[in-house]
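Starting from these lines, generate the structure:
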Amino acid sequence: MYFVPEWLKNYQRVNLQVDVTAGLLVSVLVIPQSLAYALLAGLPAQAGLYASIFPVIVYAFFGSSMRQAVGPVAITAIMTASVLGPLAPQGSGAYIALAAALCFFSGLLTLLFGLLRIGFLSQLLSRPVISGFITGSALLIIQSQLRLLLGNGGDRPVTLSMSLLACAALLFNRFALERLIVRFGGSLDLGRALVRVMPLLVLATGTLVVVGLGLDGANGVDVVGSVGGSVGSGVGFGGGALAAPNIHFSTLQQLSGPALVLAFVGSVQNITMAQALAVQRNERVDVNREMVGLGLANMAASVFGGMPVGGGLSRSAVNVAAGAVTPLASVITALSTLVLVLVGLDWMARVPLAVLASVIVVAAISMVDIRTFRESWNYDRADALALTGTALGVFLAGIQSGLALGVGFSLVTLLLRASTPHIAVLGRIEGTEHFRNVERHGVQTLPNGLFLRVDESLFFGNMNAVESRLTMELEQHREVTDVVLIMSAVNRIDTTAMQILTDVNREMLLRGMRLHLAEVKGPVQDRLLRSPLWTELSGDIYQSVNAAFEAIAGRLPAQEFHI
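Below is the predicted model:
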């Protein structure tokens, strides 16, 4: 069912040229990013290129997004480094084998999530918490690159100079170049093209400077070094392309938790990106199929380099900007990268690490989400605090602890809001059948009737607040004989809430008052029919609030309304 995707079955030849062009362009532009993220993950630089070949093809056939570009991404790269750093030296054979195992098991878990159709788990994190997680990860990424940016010992002044120049050029490119070109009469397309190609130009310039001045020899500037090997050679699953990793069972136990976190984070990022791209063209994304595609892509990545892959924001943006229409563009990108690798990777040997680190840092700076924090602070302080707490948790306590903190913030916020529901006393707008909050509108009320609306489902966590509000209102309105609970916003009543309402009904009956229900939803009524509250209810069930208002008003001697 998955092997021959719909986009390939129904491919339109009119899209061939733009897809091929986009694929070729993206293959050139993502080279510095792929190399940089591999180093960020603690893997050989070529692993980033390998992760841009076979995993990309696998995702194109099994994923559901038309334009998302899968490949190495910053967040999963820094997660890999943070998890495996305490277990083995970066770049060692043991480290590469562990990375392959982590990538394989996270891919397997993601695949199982998709096959079991539990893609809804990706919705456990709110957008502010996701933003906080990304921001905290960006800060970790920047911190991890400081050593490469600053240099060591005698090479520090030269390395620092290269870093500052590269960062300045890349920051100018990201935040000012496009506007400057347009301001001086250039086209927007030209500006965007230059912005996309600038990281590659900066990388090439830095490499030429190192080669021309011999900085890696005379000044000891750190470079990528000898690459060598073909796809799968020396960087594959356990050291060979198809060899099983020689890892102890205790180590696998250590990787089980991180693999689950990596699968969860990768799925959330991939699905979020895919849905954002689909909205632009009114397309649909199959969440579970996305997880299947991403899981298989990471399992493929474990065989060739062990570099985890996901839907990258910048990579997908380049793919869309280049005009990609279908996943064929990603296939072309992968095949082009494969040709590049087969030709040889010797050209990578003298790429300066300081410039690669600059590419990573500037990309990470753009991930710090100030706008979402500002919007959340103005709209909902609880979300802003969740964002801040998650970001600080990731930065100070690590990615796994920060993610757990983010989930905790989401759940606590949800429970807090549900346990403190909005409760309003309603009255009728004169001359209509519409009812509004007495604190917001000039409305008619009845001296003998209290109309109370609870804007939340009723459960054990919020019944104390509901009962307290009802007691307070009855203390303030001692002439009330009829209380109407308006259930229009109540989607569910759990057992505890039903029992408490039953007790309230009995107490009111002893005090000579009656409890009525209005606008009870069908599913709620179906459950209440089997409860003692329904059989013992002292009052009536009304289809509308206005019907209850008219019935209670009819018991007044002279139709006395309060305004």
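
which residues does residue 90 contact?
42-43, 81, 84 (C-beta atoms under 8 Å, 6 or more residues apart in numbering). Heads up, the C-betas are built off the backbone N, CA and C, glycines and all.

Could you check the helix or strand encompassing residue 465 and say which residues are buried?
Per DSSP states H and E: residue 465 is located in helix 463-476. In terms of neighbour count (16 or more other C-beta atoms under 10 Å), helix 463-476 has its buried residues at 463, 466, 469-470, 474.

before we move on, back to that, the contacts of residue 90 in strands, which ones?
Judged by DSSP state E, these include no members of strands.

Keep only those of those that are in helices.
81, 84 (DSSP state H).

most neighbours, which of the contacts of residue 90?
Of all these, residue 43 has the most neighbours under the rule other C-beta atoms under 10 Å, reaching 30 neighbours.

give the contact list for it.
80, 90-91, 95-96, 99, 235, 305-307 are the contacts of residue 43 under C-beta under 8 Å, 6+ apart.

that older thread, quick one: the helix holding residue 465 to chain centroid distance?
40 Å (C-alpha atoms, centre = their mean, to the nearest Å).

returning to what we had before: which of the contacts of residue 43 has the weakest pLDDT?
Lowest pLDDT among the contacts of residue 43: residue 235, with 40.

Domain parsing of this protein, as residue ranges.
Listed domain ranges for the chain are 13-139+154-222+232-414, 423-553 (source: automatic domain parsing).

Kindly check the end-to-end length of the last one for me.
What that stands for is domain 423-553. One end of domain 423-553 to the other measures 23 Å (C-alpha to C-alpha, to the nearest Å).

Could you shift the numbering so residue one becomes 3, and keep it that way?
Sounds good: first residue 3 from here, last item domain 425-555.

pLDDT of that domain, averaged?
For domain 425-555, mean pLDDT rounds to 94.

Buried residues, whichever strand or helix holds residue 373. List them.
Counting by DSSP H and E, the element that carries residue 373 is helix 372-381. Under the neighbour-count criterion of 16+ other C-beta under 10 Å, helix 372-381 has 374-375, 377-378 buried.

can you check stretch 490-498 too?
492, 495.

can you list contacts of that stretch?
455-462, 465, 503, 520-523, 525-526, 529-530, 547.

related to what we said a few turns ago, quick one: list the elements packing against the helix holding residue 467.
Counting contacts by 3 or more C-beta pairs under 8 Å, 6 or more residues apart in numbering; DSSP states H and E, helix 465-478 is packed against strand 425-430, strand 451-456, helix 497-512.

Mind giving me the packing neighbours of the lengthiest helix in the chain?
Among the segments of the chain that qualify as a helix by DSSP H, the longest is helix 251-282. When contacts are defined as 3+ C-beta pairs under 8 Å, 6+ apart, helix 251-282 packs onto helix 76-86, helix 95-117, helix 129-152, helix 289-305, strand 312-313, helix 315-323, helix 401-421.

distance between the fourth one and the chain's centre?
The chain centroid and the centroid of helix 289-305 are separated by 17 Å under C-alpha atoms, centre = their mean.

do the fifth one as well
Relative to the chain's own centre, strand 312-313 is displaced by 11 Å; criterion: C-alpha atoms, centre = their mean.

Parallel or antiparallel, list what pairs with it.
The strands beside strand 312-313 in its sheet (DSSP bridges) come out as strand 72-73 (antiparallel).

pLDDT (mean, whole number) over the strand it pairs with?
Averaged across strand 72-73, pLDDT comes to 92.

List of residues touching that strand?
Residues outside strand 72-73 that contact it (C-beta under 8 Å, 6+ apart): 32, 35-36, 53-54, 57-58, 61, 65, 272, 296, 299, 311-314, 317, 332.

which of those are buried?
32, 35-36, 53-54, 57-58, 61, 65, 272, 296, 299, 311-314, 317, 332.

ok so, going back, for residue 12, state which of the contacts of residue 92 is nearest.
Lowest distance from residue 12 to the contacts of residue 92 (C-beta to C-beta) belongs to residue 45, with 37.9 Å.

can you give me phi and psi for the closest one?
Per-residue torsions, residue 45: phi -110, psi 160 (degrees, to the nearest 10).

where's it relative to residue 223, distance?
21 Å (C-beta to C-beta, to the nearest Å).

again, but for residue 421
59 Å.

Looking at those two, which has the bigger crowd around it?
For residue 421 and residue 223, the more surrounded residue by other C-beta under 10 Å is residue 223, and the numbers stand at 24 against 15.
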